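Requesting a structural model of the entry that follows:
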Amino acid sequence: MNIAVLSTNRNLYSTRRFVEAAEARGHNCQVIDHSKCYVGIQQGKPTIHYKGQDLSHIDAIIPRIGSSITFYGSAIVRQFEVMDVVSANPSQAITRSRDKLRCMQILSGAGLGLPITGFARSVSDVDDLINMVGGAPLVIKLLEGTQGIGVVLAETKKAASSVIEAFYGLGNNILIQEYIKEARGTDIRAFVVDGKVVGAMKRTAKEGEFRSNLHRGGTAKIVKLTRAEKETAISAAKAMGLTVAGVDMLPSARGPLILEVNSSPGLEGIETATGKDIATEVIKYLENQYTIKQASVPTTGRKRKVKKESKL
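Modelled structure (predicted):
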C-alpha cells in the first residue's frame, strides 16, 4: 500500500514509528503535513494536492491531527474519505473526540462510567454547579486543553468559585468534575485498535501534582487491566466511533471512570512502558481494511494504483 501519515512534525516519535512499522511490512509510507494540503471539490472527482503533487495514489492514511488544527485537519481526512481512502480513524469521530463536552455526553448516553460532570455559562449558576458535582475538592477543565494544560484542582468551594468565575470572565468554556480521591494521582491509559486493547499502562503523577500526564512529569508502567477496565475502554472507543483510541480512565470505588478518549494517542509512553509494538497493530488494521475494500470492488472496475517514490 501507499500509506500517508498526516502529521505536522515528521520528527515526532509517533510519526517516526508509524513510518518504520509501515515500511517494515513492505509498504510505501510518507509523512504529509495536512495543514499544507489543499482540496479540489467537483462532481465525481474529489482531489487533494500537497506542494503541487496530486495525492490520488494514497491508499490509506493515519491521521495525527493536533488539537489546534482540528477543523482543517478533519476536513482533509474527510476529503480522503470521499476519495475512498482507508483511514485509521473517521473524520467525524476525530471531531467528536476533540470536544470534551460532546465526548462526555456521548459516553453518558452509552451508559459508561464517568466522573460527575457539570457545564454552564453563567456566573450565577456557579454555586449550584459546584453542588451538582459533589462540592469541593473538584476539578476544573478548559474544553480546549490538552496534555493536562488548563486543568485545575480547586480544594475549597471558595477557590473553585474564584477559578470558575475567572475562566468565565475570560470567555473560556469549562467543565467542572468531581475529584476522585481514591485514584490518588493515578490513571490508566488503554490503547484500543479495532475493538481490542493492544496495550495498557498505569500513569502516576509526580509528587505534589494531581495530573498524571507524562508531559507534566508523570511516570508510566505496564498494567494488566481488569475485565471491567478492558470492557470500558473498548466500549468507549466504539461509542465514539474510533478505531484507534487512547482511553484514559480513573480507578474508583464504583469502577473505572472515563476521563477522555483520545483520537491521536501518542505511542512513546505506551510502547516504552509496555515494550509492545503498538504502531504495527495500527498498520495491520489498515492492511485488513484495504484488503476488504479491494475484495468488494469488481476486478474490472478497479483502478490500478501505481506505486511511486515519494518526492515529499
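
Would you mind confirming that residue 283 is in contact with residue 21?
Yes. Contact criterion C-beta atoms under 8 Å: residue 283 and residue 21 qualify, at 4.9 Å. (Glycine included, C-beta is placed from N, CA and C.)

So which of these two has more stuff around it?
Under the criterion of other C-beta atoms under 10 Å, the comparison of residue 283 against residue 21 puts residue 283 first, with 25 against 22.

Return the distance of that one relative to residue 187.
27 Å (C-beta to C-beta, to the nearest Å).

So residue 136 belongs to a helix, correct?
No. Residue 136 sits outside any helix when classified using DSSP: H, G, I helix; E, B strand; the rest coil, being coil.

May I ask you to confirm that it is in contact with residue 130?
Yes. Counting by C-beta under 8 Å, residue 136 touches residue 130, with 6.9 Å between them.

any common contacting residues for the two?
Residues touching both residue 136 and residue 130 (C-beta atoms under 8 Å, 6 or more residues apart in numbering) are 157, 160.

Quick one: mean pLDDT over the longest helix along the chain.
As assigned by DSSP state H, the longest helix anywhere in the chain is helix 278-296. Averaged over helix 278-296, pLDDT sits at 95.

Likewise for stretch 40-55?
Per-residue scores along stretch 40-55 average to 93.

what residues does that stretch touch?
Contact with stretch 40-55 is made by 4, 32-33, 36-39, 56, 76, 79-80, 82-83, 311-312, as judged by C-beta under 8 Å, 6+ apart.

what do you get if the cut-off is 6 Å, keeping everything else the same?
Counting by C-beta atoms under 6 Å, 6 or more residues apart in numbering, stretch 40-55 makes contact with 32, 37, 38, 39, 79, 82, 83, all of which sit outside it.

quick one: which of the residues you listed sit in helices?
Mapping those onto helices (DSSP H) picks out 79, 82.

Let me know the closest of the contacts of stretch 40-55 to residue 125.
residue 79 (40.6 Å; C-beta to C-beta).

Without its sequence neighbours, what residue ends up closest to that closest one?
residue 39 (4.6 Å; C-beta to C-beta, 6 or more residues apart in numbering).

beta partners of that neighbour?
residue 48 (DSSP bridges).

For it, grab the count of nearby residues.
16.

ok, now how distant is it from residue 57?
16 Å.

Residue 272 too?
For residue 272 relative to residue 57 (C-beta to C-beta), the value is 34 Å.

isn't there a strand covering residue 246?
Yes. Judged by three-state DSSP, residue 246 forms part of a strand.

residues touching residue 234, list them.
Neighbouring residues of residue 234 by C-beta under 6 Å, 6+ apart: residue 195.

tell me the phi and psi of it?
Taking degrees, to the nearest 10, you get phi -60, psi -40 for the backbone angles of residue 234.

Distance of it relative to residue 267?
19 Å.

for the stretch 151-300 of the chain, what spans make up the strands?
Secondary structure of the stretch 151-300 of the chain (DSSP state E, counting those that start in this stretch): strands at 151-154, 174-178, 186-193, 196-204, 219-222, 244-250, 257-262.

Just list what the longest one packs against, helices and strands only.
Helices and strands in packing contact with strand 196-204 are listed as strand 186-193, strand 219-222, helix 268-274, helix 278-296; criterion 3 or more C-beta pairs under 6 Å, 6 or more residues apart in numbering; DSSP states H and E.

Name the residues that touch it?
186-191, 212, 218-223, 225, 230, 233, 270, 273-274, 276, 278, 281.

Show me which of these are buried.
The neighbour-count test (16 or more other C-beta atoms under 10 Å) applied to the contacts of strand 196-204 identifies 186-191, 212, 218, 220, 223, 225, 230, 233, 270, 273-274, 276, 278, 281 as buried.

can you count the residues close to residue 158?
10.

Tell me the spacing between it and residue 8.
Taking C-beta to C-beta as the measure, residue 158 falls 42 Å from residue 8.

How about residue 188?
As judged by C-beta to C-beta, residue 188 and residue 8 stand 29 Å apart.
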